[in-house]
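A.B. asks: Build me a model from this:
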Amino acid sequence: MDKRSKVVHLGRNFDLGGFRLINFVRLGAASERVRQWRNHEGVRKWMYSDHVISKKEHLRFIEGLAKDRKNYFWMVADLEGEVGVISLNKVDFKNKNAYLGIYTNPDGRRGDAGKILIHLLKQLCFEIANLHSLRLEVIDGNERAVRFYRKVGFRKEGRLKEFVLKEGRWRDVIVMAMIHSKGSKR
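C.D. replies: Residues are numbered from 1 along each chain as shown. Have a look, this model is predicted:
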């Protein structure tokens, strides 16, 4: 790491711009709501792992996060309610990069939930964790997600051919990225 690097503890809660980011390890009873959102057909349809997650599997996943230093998940909420989930995955502090994960509360009524979540992810990635690049993967066919990510500043970097097996059929995955530079618009 260079001399400007500082150790960042991402395994905690954050308060950013009126939103509370609650680390999954500290969710308590809200953990079950997150599991229900993740199991919502509209959410899991576009996940690599699209089976219904059991309570036992969910709890095991959260227990594993307590020791994990590369993957961080938060539920986002404010006084109006729960907005959704964001994550930084495969965080590499040496090379200053990570992948993102995001899904909105499927029971929520906010039309701007995705924008709120991506804005908070950018803050976490570039201002708090001091990373240089943020990447994501979208299963081919999820045009709504690709349009959204393009609109908020991500650019297509490539395609992973036949990377995911969905419903018995190989699907490509689109890789998109955002590179942070001084003065870049976020």
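A.B. asks: What is the least confident helix or strand in this structure?
C.D. replies: When each helix and strand of the chain is scored by mean pLDDT, DSSP states H and E, helix 41-44 comes last, with a mean of 92.
A.B. asks: and that one, C-alpha only, in CSV?
C.D. replies: The C-alpha trace of helix 41-44 is given here as CSV (Å, rounded to 0.1, in the frame of the first residue of the first chain):
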residue,chain,number,x,y,z
GLU,A,41,-38.6,-13.5,-7.5
GLY,A,42,-37.8,-10.2,-9.1
VAL,A,43,-34.5,-10.0,-7.1
ARG,A,44,-33.2,-13.5,-7.3
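A.B. asks: Who are the contact partners of residue 12?
C.D. replies: By C-beta atoms under 8 Å, 6 or more residues apart in numbering, the contact set of residue 12 is 23, 26. Where C-beta positions appear, they are placed from N, C-alpha and C, glycine not excepted.
A.B. asks: same thing but 6 Å
C.D. replies: Residues near residue 12 by C-beta atoms under 6 Å, 6 or more residues apart in numbering: residue 23.
A.B. asks: Check it and give its pLDDT.
C.D. replies: In the predicted model, residue 12 carries a pLDDT score of 95.
A.B. asks: And for the spatially closest residue to residue 129 that is not a sequence neighbour, the neighbour number?
C.D. replies: Spatially, and ignoring its direct neighbours in sequence, residue 129 is nearest to residue 8 (5.0 Å; C-beta to C-beta, 6 or more residues apart in numbering). The local packing of residue 8 (other C-beta atoms under 10 Å) involves 14 other residues.
A.B. asks: ok but residue 8 is inside a helix, no?
C.D. replies: No. Read with DSSP: H, G, I helix; E, B strand; the rest coil, residue 8 is coil and lies in no helix.
A.B. asks: can you count the residues close to the residue nearest to residue 96 when sequence neighbours are not counted?
C.D. replies: Nearest non-adjacent residue to residue 96, counting by C-beta to C-beta, 6+ apart: residue 132, 3.9 Å away. A count of nearby residues for residue 132, using other C-beta under 10 Å, gives 15.
A.B. asks: Would you mind measuring from residue 132 to residue 158?
C.D. replies: Between residue 132 and residue 158 the computed distance is 18 Å (C-beta to C-beta, to the nearest Å).
A.B. asks: Check residue 68 too.
C.D. replies: To residue 158, residue 68 is 27 Å away according to C-beta to C-beta.
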